[in-house]
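> Give me a model of this one.
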Amino acid sequence: MKVADIDLPRMLTIRPDQGKLLLGDDRMLIFRQAALGSLRRLVYDHLGPSLARAVFTQFGHRCGTGDFASLQQRFTWDTERDAIASGPVMHMWEGIVHVEVRQLDFDRATGRFAMAGIWRNSYEAENHLNEIGPSTTPVCHSLTGYATGWASAFFGRPLLAVETACVGKGDPHCAFEIKPEAAWGPEADPWRHALDPAQLTVLTAQQQVIERQRRELRAMTAPILQIWDNILLVSLIGELDAERAAAITAELLPRAVDTRARHVIFDLTTIDAIDGAVAGHLLRMLRALQLIGAGTVITGILPAVARAIVDAGLDLRDIEIRATLRDGLHHCMHAGGKP
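Residues are numbered from 1 along each chain as shown. Next up is the predicted model:
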């Protein structure tokens with residue numbers, strides 16, 4: 001098969017009855033470019049430029065490696081030049097970028113490989129300008145990752161693609177060059193680093209630290225205290241959302257069982273607003289405690305919270321409600337062993 005024979009519309013199988021678009025056995029997806037722009041914005045906002053670059057570059061590398069293997073299984077190319085060119089041609093059919101190959105020279109026996117060209121209408125450069133703004137460095141991270149993965153899979157040796165010009169930093173077009181990894185000097189270090197798996201290991205470690213901090217913050221803003229024999233106090237501090245409500249429930253139920261709590265007081269004095277969904281979470285928490293034999297008391301309901309409970313249509317008729325924490329504790333102590 002010649003690369004000129006690629007005709008993507010004829011190669012696709014559209015199965016709307018199954019919700020699938022297929023290229024052979026591979027499922028394809030169509031997204032608006034703006035949707036991918038939003039993804040880029042989110043990744044940059046949450047991870048920062050360095051880790052965002054690593055994520056997109058390594059994503060592109062995996063796509064390039066996987067696409068090469070998939071197309072080689074599906075087609076028998078007339079020449080090796082058709083094989084190496086099929087990746088850029090598929091990218092053009094897919095609307096990702098227009099590729100103009102200006103140089104292609106390789107020799108497997110000697111390990112020589114040199115490929116260079118121009119990218120026009122890079123979706124990635126357009127998205128970066130729209131979502132992040134102009135950059136001082138090249139921004140087509142997934143394209144360079146893809147080129148590295150595709151070319152390395154074709155050649156059977158480690159190659160490295162570097163973006164030598166980029167619309168995202170004000171150049172008239174984007175340009176790339178691919179050479180053996182060892183043939184590059186320090187100018188290629190940003191692309192080497194972006195492909196380093198250790199970059200995402202750092203990301204994982206940061207996520208673990210963030211999650212630990214979130215758990216510690218939740219514990220501080222919803223302390224569960226045993227204030228008397230068989231009486232627990234949950235003092236809610238700050239904003240109460242669905243995530244916090246679920247986390248409190250997960251911690252509170254085992255604690256109530258372990259302490260053989262007969263009463264649990266929820267003090268809402270510092271909660272000045274909740275929505276109907278969160279009020280529903282709170283009620284489910286109370287019901288779960290009742291199922292394990294613990295009586296429940298709510299104290300310190302402010303007017304806005306009361307309105308949210310009423311608007312949500314929640315039934316609190318069998319829940320003890322007291323104006324202050326002192327009143328709630330007084331109720332529990334005088335109720336004795338009765339929940």
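> Sketch out the low-pLDDT regions of the stretch 51-200 of the chain for me.
Filtered on pLDDT under 70, the stretch 51-200 of the chain yields the residue ranges 200.
> just the helices in it please.
80-93, 123-131, 141-155, 189-195, 197-221 (DSSP state H, counting those that start in this stretch).
> which residues touch stretch 286-301?
232, 249, 252-253, 256-257, 261-270, 309, 316, 318-325, 327-328, 331-332, 335, 338-339 (Cβ atoms under 8 Å, 6 or more residues apart in numbering). Using the backbone N, CA and C atoms, a C-beta is placed for each residue, glycine as well.
> What is the neighbour count of Asp25?
If you count neighbours by other Cβ atoms under 10 Å, Asp25 ends up with 9.
> so how far is Gln73 from it?
Distance, Asp25 to Gln73, by Cβ to Cβ, to the nearest Å: 9 Å.
> residues contacting Ala161?
Counted by Cβ under 8 Å, 6+ apart, Ala161 has contacts 144-145, 147-148, 151, 176-178, 191.
> Among the residues you listed, name the buried ones.
144-145, 147-148, 151, 176-178, 191 (16 or more other Cβ atoms under 10 Å).
> follow-up on the earlier one: please, a ChimeraX command that selects the buried ones among the contacts of stretch 286-301?
Of the contacts of stretch 286-301, the buried ones go into a single ChimeraX selection, burial set by 16+ other Cβ under 10 Å:
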select :232,249,252,253,256,261,262,263,264,265,266,267,268,309,316,319,320,321,322,325,328,331,332,339
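> Next step: the contacts of stretch 286-301 restricted to strands.
Using DSSP state E, 232, 263-267, 320-322 are the members of the contacts of stretch 286-301 that sit in strands.
> and which of those residues is nearest to Glu100?
Of all the ones in strands among the contacts of stretch 286-301, Glu100 sits closest to Phe266, with 66.4 Å by Cβ to Cβ.
> these two touch, right, the closest one and Leu232?
No. Contact criterion Cβ atoms under 8 Å: Phe266 and Leu232 do not qualify, at 9.6 Å.
> Quick test: name the residue nearest the centre of the protein.
Centroid-nearest residue in the chain: Val43, 7.3 Å away (criterion: Cα atoms, centre = their mean).
> burial measure for Asp241, as a count.
Neighbours around Asp241, by other Cβ under 10 Å: 14.
> which non-adjacent residue is nearest it?
Take Asp241 and drop its neighbours on the chain: the residue closest to it by Cβ to Cβ, 6 or more residues apart in numbering is Val278, 6.0 Å away.
> Likewise for Asn121?
Asn121 sits nearest to His98 (Cβ to Cβ, 6+ apart), 5.2 Å away.
> Check the gap between that neighbour and Ala183 for me.
27 Å.
> do the same with Lys2
30 Å.
> if I look at Leu282, how far off is Ala69?
Leu282 is 52 Å from Ala69, by Cβ to Cβ.
> Kindly apply the preceding question to Trp228 instead.
Distance from Trp228 to Ala69, by Cβ to Cβ: 66 Å.
> the more surrounded of these two?
Neighbours per residue, other Cβ under 10 Å: of Trp228 and Ala69, the larger number sits with Trp228, 14 against 11.
> And Gln226, its phi and psi?
In terms of degrees, to the nearest 10, the main-chain angles of Gln226 are phi -90, psi 110.
> In contact with it: list those residues for me.
232-233, 259, 261.
> As CSV, those residues with distance to Arg244 would be great.
Conversion of the contacts of Gln226 to CSV gives the following (distance: Cβ to Cβ, whole Å):
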residue, distance to Arg244
Leu232, 17
Leu233, 17
Thr259, 21
Ala261, 20
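> ok, of those residues, which one's closest to Gly48?
Leu233 (40.2 Å).
> doesn't Ile227 make contact with the closest one?
Yes. Counting by Cβ under 8 Å, Ile227 is a contact partner of Leu233 at 4.7 Å.
> Now the common contact residues for those two.
Common neighbours of Leu233 and Ile227 (Cβ under 8 Å, 6+ apart) are Ile265.
> For Ala273, report the pLDDT, please.
Confidence at Ala273, expressed as pLDDT, is 76.
> Go ahead and confirm it touches Ala304.
Yes. Using Cβ under 8 Å, Ala273 is in contact with Ala304, at 5.0 Å.
> picking up where we left off before, please give me every residue in contact with the residue nearest to Asp241.
240-242, 245, 308.
> ok, Cys174 to Arg32 distance?
To Arg32, Cys174 is 21 Å away according to Cβ to Cβ.
> What's the separation between the residue nearest to Gly145 when sequence neighbours are not counted and Leu23?
Nearest residue to Gly145 in three dimensions, chain neighbours excluded: Gly60, at 2.8 Å (Cβ to Cβ, 6+ apart). As judged by Cβ to Cβ, Gly60 and Leu23 stand 18 Å apart.
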